[in-house]
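Novice: Coordinates only, no sequence provided:
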């Protein structure tokens with residue numbers, strides 16, 4: 001009888017240990033997006049990532065997604081992840097240039113690398129190590145979260161014929177491009193994605209840039225601002241998955257790898273999804289949206305933008321050794337990569353029309 005009791009106690013103890021270990025393997029995270037609940041391909045990338053994590057972990061790693069409709073802080077994602085209110089987020093690094101100017105470099109830069117060049121820089125040119133160092137002081141990791149490729153230059157109520165047309169222009173444009181427009185006389189602001197159309201409609205702004213035809217036309221900007229300019233300012237806009245460093249470091253090696261693979265796969269899928277959306281929209285633009293006037297900024301305006309960019313980069317580099325280090329790494333990699341891009345992609349397109 002005694003032996004049976006001992007064996008029974010041992011079995012019970014073992015089952016409790018197994019149950020405890022099983023429970024400890026379960027991970028439940030929350031993710032905050034800077035976007036509303038439905039904004040393809042941004043939200044699709046997040047949902048895809050979370051599903052891959054769930055499936056690859058056999059349901060042991062679950063990520064609950066909160067859209068901006070829930071947490072009400074489109075530009076507060078970084079703070080919420082840093083403070084541990086959310087375990088991770090999906091946002092754009094250049095939204096936080098006011099907190100740390102170097103962070104905007106990990107989204108995109110005017111006249112910078114295209115998407116292929118920038119991804120190569122991240123994963124094979126030292127970019128990931130630089131980004132990890134920059135985000136470490138904020139208590140988080142940052143991983144590429146999907147690229148829009150070349151963005152359009154924005155929607156304007158009136159044609160931009162000269163630099164004088166930029167003076168006093170109220171424009172929504174984030175990142176380093178916002179600094180350039182401000183230097184050229186614009187009144188620059190950043191507005192959450194869900195408020196863009198209303199701001200344009202009410203005259204709060206005279207112009208805005210968003211992404212490209214795949215995402216822009218469905219927003220209806222062309223109904224108010226029909227002049228649609230080609231891009232220069234965001235040639236490779238990379239979104240970011242921000243992850244609380246302490247929370248990530250506590251994950252098992254298996255779950256760390258599952259999360260890395262899911263984020264990288266979702267980022268790639270977002271890029272090709274966005275490309276397809278824009279190609280499809282552009283194919284219809286002349287027939288379904290004849291009021292849209294596709295324009296290119298005049299050369300004197302483009303020259304002034306490039307000059308302002310060079311001056312602003314030099315000013316920021318003089319203030320921050322970290323900023324200077326990342327910029328120099330990007331510029332060196334672009335110089336190497338652009339030679340191949342030109343002889344490869346550009347020559348193919350130019351010579352085979």
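Specialist: Arrived safely. Model, not experiment: these values are computed from the prediction.

Novice: going forward, measure contacts and count neighbours with C-alpha atoms only.
Specialist: Noted.

Novice: quick one: residue 60 and residue 51 touch, right?
Specialist: No. In this structure residue 60 lies outside contact range of residue 51 using Cα atoms under 8 Å: 11.7 Å.

Novice: What does residue 188 show for phi and psi?
Specialist: Residue 188 adopts backbone torsions of phi -90, psi 140, taken as degrees, to the nearest 10.

Novice: Could I get the pLDDT score of it?
Specialist: pLDDT, residue 188: 97.

Novice: so residue 28 is in which element?
Specialist: If you go by DSSP states H and E, residue 28 is part of strand 27-33.

Novice: Pull the distance from the very next helix or strand once past that strand to the chain's centre.
Specialist: Using DSSP H and E, the helix or strand that directly follows strand 27-33 along the chain is helix 42-56. In terms of Cα atoms, centre = their mean, to the nearest Å, the centre of helix 42-56 is found 16 Å from the chain centre.

Novice: Please name every helix or strand in contact with helix 42-56.
Specialist: Applying 3 or more Cα pairs under 8 Å, 6 or more residues apart in numbering; DSSP states H and E, we find helix 42-56 packed against strand 61-66, strand 140-147, helix 253-288.

Novice: So for residue 240, which of those sits nearest?
Specialist: With Cα to Cα as the measure, strand 140-147 is the member of the helices and strands packed on helix 42-56 nearest residue 240 (4.3 Å).

Novice: which regions of the protein lie under the pLDDT threshold?
Specialist: For the chain, residues meeting the criterion pLDDT under 70 lie at 1-24.

Novice: quick one, domains of it?
Specialist: Structurally, the chain divides into domains by automatic domain parsing as follows: 25-149+236-276, 151-233+291-319.

Novice: Return the most buried member of those domains.
Specialist: The highest average neighbour count among those, using mean count of other Cα atoms under 10 Å, belongs to domain 25-149+236-276 at a mean of 20.

Novice: For the stretch 51-200 of the chain, just list every one of the helices.
Specialist: Secondary structure of the stretch 51-200 of the chain, counting by DSSP state H, counting those that start in this stretch: helices at 68-71, 77-82, 115-124, 127-136, 175-183, 196-201.

Novice: Compute the inter-axis angle for the fourth one and strand 140-147.
Specialist: Helix 127-136 runs at 130 degrees relative to strand 140-147, counting by axes from the mean of the first three to the mean of the last three Cα atoms, to 10 degrees.

Novice: Could you check how far helix 127-136 is from the centre of its chain?
Specialist: The answer for helix 127-136 is 16 Å, by Cα atoms, centre = their mean.

Novice: if we can go back for a sec, give me the sheet partners of the strand holding residue 28 and which way each runs.
Specialist: Its sheet considered, strand 27-33 pairs with strand 61-66 (parallel), strand 88-91 (parallel) by DSSP bridges.

Novice: could these be laid out in CSV, adding distance to residue 77?
Specialist: Below are the strands paired with strand 27-33 laid out as CSV (distance: least, Cα to Cα, whole Å):
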stretch, distance to residue 77
strand 61-66, 11
strand 88-91, 6
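
Novice: Name the SS class of the spatially most central residue of the chain, please.
Specialist: Closest to where the C-alpha atoms of the chain average out (Cα atoms, centre = their mean) is residue 239, at 1.5 Å. In three-state terms, and counting by DSSP: H, G, I helix; E, B strand; the rest coil, residue 239 is strand.
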